[in-house]
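> Kindly return the folded structure for what I paste below:
(chains A and B, ligands or ions: 2)
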Amino acid sequence: MVFDIKGKFNSKLISSIGKPLERKEDERLLRGEGLFSDDFNLEGQYYVTFVRSPYPHAKIKNIDKSDAEKSPGVIAIFTGEDCLADNLHPIPHSPVPSTKYDLKLTDPEGKDIFIGPQLLLPVDKVRHVGEAVVMVIAKTNFEAQDAAEKVYVDYHELDWTADINSSLKEDSPKVWDEIKDNICVDTIFGNPEKVDKVFNSSKYLFSKEFHIGRVTGVPLEPRSALASYDSTSKRYLLYAGSNGAVRHKFQISKTLNIDPGSLRIICHDVGGNFGTKNRVYVEFPLVLWASKKTDNPIKYTATRSESFLSDVQGRDLLTKVELSMDEDYKFTAFRASNVSNVGARVISLSPLGKGIALVTGPYDIPLASARARAVFTNTVPTNAYRSSGRPEVTFAMERLIEIAAKSLGIDPIKLRRINLINKDDMPYRNALGVTYDSGKYEDNMNKALALSDLDNLSIRKEDASQRGKFLGFGFSNYVESSVGNPKESVELRVDADGFISLIVGTQPTGQGHETSFAQVAADLLGLAPEEIKVVFSDTDIVKKGGGSHSGRSMRHAGTVICLAAEDLIDRGKKLCSLLFDQNYQSISFAREGSFTWSDKKISWFELAEAIEGVELSGDLHTGLNIERENEMHEPVFPNGCAACEVEIDKETFVPKLTKYIAIDDVGRAINPLIVDGQTHGSIATGVGQALFETFYLDKASGQPLTGSLMDYGIPRADQLPSFVTELNEVLSPTNPLGIKSAGEGATTPALAAVINAVVNALEEFDIEHIDMPATSFNIWRSVNNKNKESKS
Amino acid sequence: MRISLTINGNPVSEDVDNRTLLADFIRNTLGLTGTHVGCDTSQCGCCVVHLNGEAIKSCTMLAVAANNSEITTIEGLSNSEDLSAMQESFRRNHALQCGYCTPGVIMSAVDLLKNNPKPTEEEVRDALEGNLCRCTGYHNIIKAILDVSKAG
Ligand code: FES
Ligand code: FES
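Ligands and ions are numbered 1, 2, ... in the order given. This next block holds a predicted model:
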């Protein structure tokens, strides 16, 4: 047995696991031969442009398409009424996280949550700027765009609400008439009475409210969809990038009211995701439906401006946190009240739910309570965005610790050290009932501090000051969780031509599955990674699978590959036994990928050749072809910390990140080269929100003012330093390979670490907090307000 | 209008709509889909190609303006089995993840080293200011470029 599911992987098998192998996928991508969604074209395809809502909230009174219909090249123009007439259903979003371990969110009455149905095109009203209203199809892209300009939609503008506080007000405009206000989720966890009691008698109590603002994922490849319908086979075909085509296949089929088997989705290379491409977009079923109606292939590719207006977005959480301590600075109780801005519809409650489960972070706090609410607003829906929900709560905790330490006059690092969960207490059940699987939190912190050279910090500050800069140091711990869809499946097929196909349900969007999954399978089957061909991307081949989100892919795929490999080895032995008339027990599987008995030896590929043409019956009829599914609910808890330095120009107040150190426990790193890359990108995501990014809506009109890359600041090469990253691998006991997750951890502490550094840099102004993004303007304004305060 | 140009060493002659962008001409008319389009405001750099030996953003130019020019795209960087030094260094250093920004970044990087063979890290970062990457945090991209410069 190579492992047991709860036990340890047999480390003697390890040969390519843990090696920083170069990626198999790179060659094609480096030659410009990747296959992204918009790279596909079908003979004679038509093009689509969508007319989108210019208002945050408005009744659709009338749509006049007569002028547009006369426009050159126009083929058809469809509205929400046409969709209803054809009985198209709303997208069956499943926003509530569904593993056994997810905290259960409910509506204010404790019942099922009203999610606000997403029709493919609206019929009654529009609920956010950028919502697609009319679909214009023409022979060329230009003709579709020209015609779209001639569609006249008569709107009756309605009052709107865009932010959490306004949506919570009793007299707020309502996004949905179906419920009594805008509050769609309200659930309390933990023990509020006991927390109250402790707060009332506590020596110290600190509280603070934070808003972790709205950002958007901006994968560099805009979403795209190309559809066709074949009336002979009655099958639909869709080329569209996502994090997992299988789930999209089922959801889109429901929307179109068709048998899932009649829809094939092809999704090869995907140009980034970060959560943005997790969900089905209305354009996907719409192009499929329209291609059947027009009997012609149809293509849609979003412009960047459309992506800003209609890609699902991230974060947007208002949180009030309170923390009590005893005279030894030991945390005694914690309370959080979190409100998530879900936008115009509930597409995902993962950010709210995952955050709530981790409000107490990596600290040992005996008591906690948390209230989780979600409100509708007239904005684009929010979804899980890289490290869904965890950076938000980490930000609140780690900022509060800094504020508390400052007011107590003690070293914030010491305050953390007093309260960190001890490695001997693992697995640790937090006050909300969530069990952290493993981790050595204080070791993470020590590693980062050892690299931070704090002894010379004051010298560096002095030196920076000479150069006209305020220098600040910031730190943050974190623990996050990787849960996600509990099911994953894999198929292994031995090919006599000398490779094994590994057909897997989950889909990469840049994470290098073709390499890392091959490393795992290669070790288990005694082969080289080159001999494993990872196959995904076509739902006619890949029938099941959960998709890449919540850092789940390596862990889920790794586990089910272990199971399938064991089945395949067993199958190999049985086939040898049958073919060569040997006792099953006498056959063994050798590490170099061959079966042996007495003085005989046969490789995987020789065996595959040997069974060719042999009639196999019963259990053996699939030959060297194994399918395996696995369901794994138990979450894992990646953890670590970040330390950084920021310099702020004394005249312009422009901040610059000058040093960044990340320590991450990802469990076993299958390919450290890939893991490091994930860490770098993950850091940039967090730093982006801390310093540059905000999806800003004009307060008076509700119009997005950051609708292009000219206004929305994603970090550029000259705005980031090179990073120092180290792993602190503590194998998770929850899965055979000991994997946690690598893609999202480093984002989690980045927001807090950077803002802690910014506030520290400004220590002479005695500023308690700076809101994100800490742009030069925000910093200047805080300093200026402080100056005014001290003068008055 | 009919335009003629040389792309990756091959002469082509095609009819184009006056408003067609060079990037779309390369992708859709010529079928060279290695050049990507990531924005509509000339910010992301996914579309960088070499025009008469200089890196330009092909989304910022009309196809008709490229009449009689000589263009190299990512597909033309290596005509052999082997990758070019820059491509190879990107692979070795894991300087790409999703690979969407990669063609543009590489075309910019090659241009940078042509004009400044021994740049400092800061100069590399400045030169890449017009190429966005959302996956790598730039760390390995910078390393890959500096590696080529050191070897050269
Ligand atoms: S496509 Fe973004 S700069 Fe050209
Ligand atoms: S590798 Fe994905 S954007 Fe650069």
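
> hey, where'd the strands end up in the stretch 301-450 of chain A?
In the stretch 301-450 of chain A, strands defined by DSSP state E, counting those that start in this stretch lie at A:313-325, A:331-343, A:367-376, A:428-429, A:435-436, listed in chain order.

> Which among those is found nearest to B:Ala85?
Ranking the strands of the stretch 301-450 of chain A by proximity to B:Ala85 (C-beta to C-beta) places strand A:313-325 first, at 38.0 Å. For every residue, glycine as well, the C-beta is placed using N, CA and C.

> got the angle for the closest one vs strand A:367-376?
150 degrees (axes from the mean of the first three to the mean of the last three C-alpha atoms, to 10 degrees).

> So what's the gap between strand A:313-325 and the chain middle?
19 Å (C-alpha atoms, centre = their mean, to the nearest Å).

> which strands and helices sit next to that strand?
The contact analysis (3 or more C-beta pairs under 8 Å, 6 or more residues apart in numbering or on different chains; DSSP states H and E) places strand A:313-325 against helix A:164-168, helix A:192-200, strand A:204-216, strand A:331-343, helix A:350-357, helix A:390-408.

> now those in a markdown table, with distance to chain B and mean neighbour count?
Below are those laid out as a markdown table (distance: least, C-beta to the nearest C-beta, whole Å; neighbours: other C-beta atoms under 10 Å in any protein chain shown):
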| stretch | distance to chain B | mean neighbour count |
| --- | --- | --- |
| helix A:164-168 | 27 | 18 |
| helix A:192-200 | 39 | 15 |
| strand A:204-216 | 11 | 20 |
| strand A:331-343 | 22 | 25 |
| helix A:350-357 | 19 | 27 |
| helix A:390-408 | 15 | 24 |
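
> do you know which of those lies nearest A:Ile17?
helix A:390-408 (26.8 Å).

> Could the C-alpha coordinates of the closest one be exported in CSV?
Extracted in CSV, the C-alpha atoms of helix A:390-408 (Å, rounded to 0.1, in the frame of the first residue of the first chain):
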residue,chain,number,x,y,z
ARG,A,390,-9.7,35.6,4.6
PRO,A,391,-7.6,38.8,3.8
GLU,A,392,-10.6,40.8,5.1
VAL,A,393,-10.8,39.2,8.5
THR,A,394,-7.0,39.0,8.8
PHE,A,395,-6.9,42.7,8.0
ALA,A,396,-9.3,43.5,10.8
MET,A,397,-7.5,41.3,13.4
GLU,A,398,-4.0,42.4,12.5
ARG,A,399,-4.8,46.1,12.4
LEU,A,400,-6.7,45.8,15.7
ILE,A,401,-3.6,44.2,17.3
GLU,A,402,-1.4,47.0,16.1
ILE,A,403,-3.9,49.6,17.4
ALA,A,404,-4.2,47.8,20.7
ALA,A,405,-0.4,47.4,21.1
LYS,A,406,0.1,51.1,20.4
SER,A,407,-2.4,52.1,23.0
LEU,A,408,-1.0,49.7,25.6
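
> Okay, now the unreliable bits of the chain?
No chain was given, so I picked chain A. A:1-11, A:546-548, A:550 (pLDDT under 70).

> switch to chain B, that's the one I care about
In chain B, no residues with pLDDT under 70.

> Okay, strands next: where are they in it?
B:2-7, B:10-15, B:48-51, B:54-57, B:70-72 (DSSP state E).

> before we move on, the earlier item: using CSV, please lay out the strands of the stretch 301-450 of chain A together with distance to A:Ser242.
Below are the strands of the stretch 301-450 of chain A laid out as CSV (distance: least, C-beta to C-beta, whole Å):
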stretch, distance to A:Ser242
strand A:313-325, 17
strand A:331-343, 19
strand A:367-376, 24
strand A:428-429, 36
strand A:435-436, 31
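
> could the ones you listed go into TSV alongside distance to ligand 1?
TSV is the format used below for the strands of the stretch 301-450 of chain A (distance: least, C-beta to the nearest ligand atom, whole Å):
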stretch	distance to ligand 1
strand A:313-325	21
strand A:331-343	27
strand A:367-376	34
strand A:428-429	47
strand A:435-436	42
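
> Neighbours of residue 40, how many?
You didn't pick a chain, so chain A it is. 18 (other C-beta atoms under 10 Å in any protein chain shown).

> please go with chain B instead
19.

> tell me the contacts of it?
A:Thr303, A:Arg304, A:Ser305, A:Ser708, B:Cys59 (C-beta atoms under 8 Å, 6 or more residues apart in numbering or on different chains).
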